[in-house]
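Trainee: Below: sequence and its predicted model.
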Amino acid sequence: MVFQRYSLPFGLFLLSLLKLWLVHTDDIYGSATEFDALWFVSAAKHWYWGSEYTWTAFVKPPVYPLFIAIVHLCSVPLRIAIELMQMAGYLVLILGLRRAGVPRLICLISYAVAILHPATQFNRYTMADTFYTAILPLALGGLLLTLVTGKLTYAVGTGVALAALSNTREESFLILPLLIVFFALALIRQRLIARSWKTATRYWWKPAAGLVGTIVLLNLTIDIVNYRTFRSFSKSEMSSRSYEAAFRALLQIKPTEELRFIPVTSEAMRLAYGVSPSFAQLRPQLEGDVGRVWEVPVFAALGIHEMGPWFMWGFRQAANAEGFHKSPTAANRFYRSVAKEIRQACDQGRIPCRTVHFSFLGPDAMPNIRYLPRSLVRNARLFVLPYQRSAGRDDDILTESQRALYDEMTLRRVRTPSVLCDQLWNVIGRYYRYVFIGLSLAGLIALAVLIWRFRYLHVSDLFNSSLILLGTTILTRLLFFSLLDATWWEGDYERYLLPVMPLSSCFLILLLYQSFLVWRRGDQTI
């Protein structure tokens, strides 16, 4: 009896120790990516808001740099900290699943397939995606605990997790469908219990207010601090109103020939030079060294001299080179001028223009949605890659000062690699994909069973609610980045899909078990 009671926490503890042992000789690798990995440790060193303003100081949201800074303050190596954070996130998810009635063994298997996913090798790099991977299951676990108990404390804690998610990466709008599904499940379930929509609404208004209010309050706080420091009421300068307005105005310009993956073409820029004196000041940079640097990936892939999706970076770098980023106020003024001048030209018919629905996605991208099925298949293949452990090292072009920055902020140390750990990790990386393929094929059969015996499924069943929340999270992220693959740029979405890769394995385990229960329930009624 005692063993049965403590078997799950004991098993979770052993699995956690196994994962920590597998990575105990691993460390953070120094990447020279100025606008990604290197940027995060640099921002963390100054606690994000403490650095002097530059064109990159405020270019990404603040939560992950603050996490690095806090971990550094606590003298914990970042490589271990991110593993602990991810395991904590999945432990909260398992707690939520357990409260939803998922058996101990299924919870234990779900935790194992999550923390031992070989794609977590990305944890060796200082990328916000690894932190997102930790917070996403934490938020899902919080939503499940809130759904089961209706407690205000769980709702507020979940709001904190979701606010952290929204300020870790730019795609915070993916949180909205998750919240819509959660509140729909909560209200429908309570309606079935209370037999009254009014009673169900009265029951959920406090948890809902606590959840949404926490998200709004924390986002508002970050925006206010950003405004006081960087003069932009937004979570990053890339999503500031002035920059978005300028980029959107450039997207409005209709070129003679619309090119896939090229939101702002060279022709559109030439038209903008003629009607916007502000934007024309960037011409020497955009047609010179700055432009040529950002054309490299597009020319390598498509053989054309365009900046493609990297225009958003080239635009900002050119503005900085011309002195418009001397202060945040000057930068905002410049981008507002560009937006105003181009919009006026469009309104007066001086240049051909088009309707723009999204801030960073041109109208020409919409017809390319026809490539979405192909992109879905391409991104689905990322879930079954053989993520082998490589003998990583710092980038060759990393300078001594940059290497010292990594040493300081991540507390990395020279460690002797463990041959046994590497071998075991490579075995996991080699065979995990076959496990996932098997689970996926079995999952299709399980889904067919659930559809066949749909009448035995009930919305009030917390197990079904767990599946719906997990499925919504996975599907929306996969669809969004597949849409970007079809319209924005092809390939290299592994780290963006990392947050839902372990969740997908958990989902398939739960789906298989639920189909077994439904099958057995149906047989017992015959």
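Mentor: In hand now; what should we look at?

Trainee: May I see the buried residues of stretch 206-225?
Mentor: By 16 or more other Cβ atoms under 10 Å, the buried positions in stretch 206-225 come out as 207-208, 210-211, 214-215, 218-219, 222. Heads up, the C-betas are built off the backbone N, CA and C, glycines and all.

Trainee: Roughly how far does the residue lying closest to Pro62 once chain neighbours are set aside sit from Val338?
Mentor: Excluding the flanking residues, the one nearest Pro62 by Cβ to Cβ, 6 or more residues apart in numbering is Tyr48, at 4.5 Å. From Tyr48 across to Val338, the span is 27 Å (Cβ to Cβ, to the nearest Å).

Trainee: and if you look at Tyr496?
Mentor: According to Cβ to Cβ, Tyr496 and Val338 sit 29 Å apart.

Trainee: Who has more neighbours out of these two?
Mentor: A side-by-side neighbour count of Tyr496 and Val338, using other Cβ atoms under 10 Å, places Val338 first with 27 against 20.

Trainee: Can you tell me the SS state at the more buried one?
Mentor: The three-state label given to Val338 by DSSP: H, G, I helix; E, B strand; the rest coil is helix.

Trainee: Contacts only, for the residue lying closest to it once chain neighbours are set aside.
Mentor: Using Cβ to Cβ, 6+ apart and skipping residues adjacent in sequence, the residue nearest Val338 is Ala246, 4.2 Å away. Taking Cβ atoms under 8 Å, 6 or more residues apart in numbering, we find Ala246 in contact with 315, 335-336, 338-339, 342.

Trainee: which among the residues you listed gets closest to Trp489?
Mentor: Closest to Trp489 out of those is Phe315 (16.3 Å), distances taken as Cβ to Cβ.

Trainee: what about the closest one, neighbour count?
Mentor: The local packing of Phe315 (other Cβ under 10 Å) involves 26 other residues.

Trainee: can you check the one 4 residues further on too?
Mentor: Using other Cβ under 10 Å, Ala319 has 26 neighbouring residues.

Trainee: what's the answer for Glu52, then?
Mentor: For Glu52, the neighbour count with other Cβ under 10 Å is 6.

Trainee: So it, which state does it fall into?
Mentor: Here Glu52 is recorded as coil under three-state DSSP.

Trainee: got it, and the one 3 residues further on?
Mentor: Counting by three-state DSSP, the backbone at Trp55 sits in coil.

Trainee: Sketch out the low-pLDDT regions of the stretch 51-200 of the chain for me.
Mentor: Low-confidence segments of the stretch 51-200 of the chain (pLDDT under 70): none present.

Trainee: ranges for the helices of it?
Mentor: All helices of the stretch 51-200 of the chain, identified by DSSP state H, counting those that start in this stretch, fall at 63-73, 78-99, 104-115, 128-149, 152-166, 175-194, 197-230.

Trainee: Could you look over those helices and pick the most buried one?
Mentor: Scoring these by mean neighbour count under mean count of other Cβ atoms under 10 Å gives helix 128-149 as the most buried, with a mean of 25.

Trainee: Could you figure out how far that one is turned away from helix 197-230?
Mentor: Relative orientation of helix 128-149 versus helix 197-230 (axes from the mean of the first three to the mean of the last three Cα atoms, to 10 degrees): 150 degrees.

Trainee: Off-centre distance for helix 128-149?
Mentor: Put simply, helix 128-149 sits 13 Å off its chain's centre (Cα atoms, centre = their mean, to the nearest Å).

Trainee: just the angle between it and helix 175-194, please?
Mentor: Per the same axes, to 10 degrees, the angle that helix 128-149 makes with helix 175-194 is 10 degrees.

Trainee: Show me which positions of whichever strand or helix holds the residue nearest to Val338 end up buried.
Mentor: Here Ala246 sits within helix 241-252, counting by DSSP states H and E. Under the neighbour-count criterion of 16+ other Cβ under 10 Å, helix 241-252 has 242-252 buried.

Trainee: Just the closest of those residues to Lys60, please.
Mentor: Tyr243 (13.1 Å).

Trainee: Thought Tyr335 was touching the closest one, still the case?
Mentor: Yes. If you go by Cβ atoms under 8 Å, Tyr243 and Tyr335 touch, sitting 5.0 Å apart.

Trainee: Can you pull the residues that touch both of those two?
Mentor: Counting by Cβ under 8 Å, 6+ apart, Tyr243 and Tyr335 have no contacts in common.

Trainee: which non-adjacent residue is nearest Gln388?
Mentor: Of all residues not flanking Gln388 in the chain, Gly429 sits nearest, at 4.7 Å (Cβ to Cβ, 6+ apart).

Trainee: Contact partners for that neighbour?
Mentor: By Cβ under 8 Å, 6+ apart, Gly429 lies in contact with 118, 121, 386-389.

Trainee: Buried only: go through those for me.
Mentor: Buried members of those, scored by 16+ other Cβ under 10 Å, are 118, 121, 387, 389.

Trainee: ok so, going back, now, among the buried residues of stretch 206-225, which is nearest to Ala380?
Mentor: Nearest member of the buried residues of stretch 206-225 to Ala380, counting by Cβ to Cβ, is Ile215, at 30.8 Å.

Trainee: Check what pLDDT the closest one gets.
Mentor: Note for Ile215: predicted pLDDT of 97.

Trainee: who's in contact with it?
Mentor: With contact taken as Cβ under 8 Å, 6+ apart, Ile215 is in contact with 159, 162-163, 166, 175.

Trainee: want to throw those residues into TSV with distance to Asn320?
Mentor: Below are the contacts of Ile215 laid out as TSV (distance: Cβ to Cβ, whole Å):
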residue	distance to Asn320
Gly159	36
Leu162	33
Ala163	30
Ser166	27
Ile175	32
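
Trainee: Show me which of the residues you listed is closest to Ala268.
Mentor: Proximity of the contacts of Ile215 to Ala268 (Cβ to Cβ) peaks at Ser166, which lies at 31.5 Å.

Trainee: so how far is Ile193 from the closest one?
Mentor: Going from Ser166 to Ile193 by Cβ to Cβ gives 31 Å.

Trainee: Likewise for Asp492?
Mentor: 47 Å.

Trainee: Can you name the next helix or strand after the one helix or strand Ala486 maps to?
Mentor: Secondary structure from DSSP H and E places Ala486 in helix 462-487. Later in the chain than helix 462-487, the nearest helix or strand by DSSP H and E is helix 494-497.

Trainee: I'd like the mean pLDDT over that following helix, please.
Mentor: Mean predicted lDDT for helix 494-497 stands at 93.

Trainee: by contact count, what packs against that helix?
Mentor: helix 462-487 (3 or more Cβ pairs under 8 Å, 6 or more residues apart in numbering; DSSP states H and E).

Trainee: Go through the helix it packs on and flag the buried ones.
Mentor: Across helix 462-487, burial judged by 16+ other Cβ under 10 Å covers 462-467, 469-474, 476-479, 481-487.

Trainee: Relative to the whole chain's centre, how far out is it?
Mentor: Worked out by Cα atoms, centre = their mean, helix 462-487 lies 12 Å from the chain centre.

Trainee: what about it, average pLDDT?
Mentor: 94.

Trainee: elements contacting it?
Mentor: Counting contacts by 3+ Cβ pairs under 8 Å, 6+ apart, helix 462-487 is packed against helix 78-99, helix 128-149, helix 175-194, helix 372-381, helix 494-497, helix 501-525.

Trainee: Could you check the angle that helix makes with helix 128-149?
Mentor: 150 degrees.

Trainee: Need the residues that contact stretch 433-453.
Mentor: For stretch 433-453, contacts defined as Cβ under 8 Å, 6+ apart pick out 113, 383-386, 457, 504-505, 508-509, 511-512, 514-516, 518-519, 521-522.

Trainee: Kindly supply the ChimeraX command isolating those of those residues that are buried.
Mentor: Selection of buried members from the contacts of stretch 433-453 for ChimeraX, criterion 16+ other Cβ under 10 Å:
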select :113,383,457,504,505,508,509,511,512,514,515,518,519
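
Trainee: part of a strand, is Pro417?
Mentor: No. Pro417: not assigned to a strand; according to three-state DSSP it is coil.
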